[in-house]
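>>> Please find the sequence and the predicted model below.
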Amino acid sequence: MDSFTTPRLNATRLAVDDLPELIDLHLDPEVSRFLGGVRSAEATEAYVAANMRHWVDHDVGLWTLRSRDGAFVGRAGLRYVDVEGTTELEIAYALARAAWGRGLATEIAAALVDHWRERRDDPSLVGLVMKGHVASERVLNKVGLDYERDAAFHGGLCGVFRRRR
């Protein structure tokens with residue numbers, strides 16, 4: 001599925017054309033503090049390339065999010081990650097600061113859970129939340145993922161939240 005919509009968002013498959021806005025997103029220290037830290041432009045370019053390969057390999061990945069008027073909102077998607085030696089399907093999202101506090105993370109997370117339920121056969125979906133990111137924990141709880149345990153991930157400690165079929 002290359003694109004989809006929610007009541008307030010348009011999601012399109014991540015593309016090289018999105019790189020300038022994604023660089024700005026990843027350079028924002030407030031956005032990036034729970035994503036493993038600020039990423040340079042070069043690191044974001046490599047991130048986009050890896051996530052475009054993920055689409056080719058798995059027929060799922062990240063989408064770029066825009067408001068109905070075309071303004072960049074962030075990125076979100078479903079992707080496979082290694083969590084302490086186990087491959088898991090992860091729900092992931094990062095929104096620009098201007099989009100915070102409006103329920104957009106919950107809106108896109110609910111759409112991604114629906115996508116998993118309707119189009120994927122993975123037995124469960126995980127959300128990984130760096131410790132201290134209470135707002136993201138609330139989003140995952142709202143869409144039916146429950147805290148399972150703590151795990152090491154990307155050099156930090158995160159909570160693993162899970163929803164099973």
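Alright, I've got the coordinates.

>>> going forward, measure contacts between C-alpha atoms and count neighbours the same way
Fine.

>>> quick one: buried residues of the lowest-mean-pLDDT helix or strand in the chain?
One helix or strand of the chain scores below all others by mean pLDDT, DSSP states H and E: helix 29-32, with a mean of 92. Within helix 29-32, the residues that qualify as buried by neighbour count (16 or more other CA atoms under 10 Å) are 31-32.

>>> tell me which strands and helices that helix is in contact with?
Contact partners of helix 29-32 among helices and strands, from 3 or more CA pairs under 8 Å, 6 or more residues apart in numbering; DSSP states H and E: helix 19-27.

>>> what's the average pLDDT for the helix it packs on?
The average of the pLDDT scores along helix 19-27 is 97.

>>> Buried residues, it. List them.
Going by neighbour count (16+ other CA under 10 Å), the buried part of helix 19-27 is 19, 21-23, 25-27.

>>> ok, so of the residues you listed, who is nearest D2?
Top of the list for closeness to D2, among those and by CA to CA, is L19 at 17.3 Å.

>>> Just to confirm, what's the three-state secondary structure of the residue of the chain most remote from its centre?
Each residue of the chain has a distance to the centre, and by CA atoms, centre = their mean the biggest one is for D69: 21.6 Å. Secondary structure state of D69, per DSSP: H, G, I helix; E, B strand; the rest coil, is coil.

>>> Please report the distance of it from R8.
From D69 across to R8, the span is 9 Å (CA to CA, to the nearest Å).

>>> Just give me how far the least confident helix or strand of the chain sits from the chain centre.
14 Å (CA atoms, centre = their mean, to the nearest Å).

>>> what's next to that helix, contact-wise?
25-26, 37-39, 94-97 (CA atoms under 8 Å, 6 or more residues apart in numbering).

>>> So which of those residues is the closest to D59?
Out of these, the member with the shortest distance to D59 (by CA to CA) is A94, at 20.6 Å.

>>> list the contacts for A111?
Taking CA under 8 Å, 6+ apart, one finds T6 in contact with A111.

>>> Spatially central, which residue of this protein would that be?
The C-alpha lying nearest the average C-alpha coordinate of the chain belongs to A92 (CA atoms, centre = their mean; 1.9 Å).

>>> Now do the strand or helix carrying it and helix 19-27, the angle between them.
Following DSSP states H and E, one finds A92 within strand 86-95. Here strand 86-95 points in a direction 100 degrees away from that of helix 19-27 (axes from the mean of the first three to the mean of the last three CA atoms, to 10 degrees).
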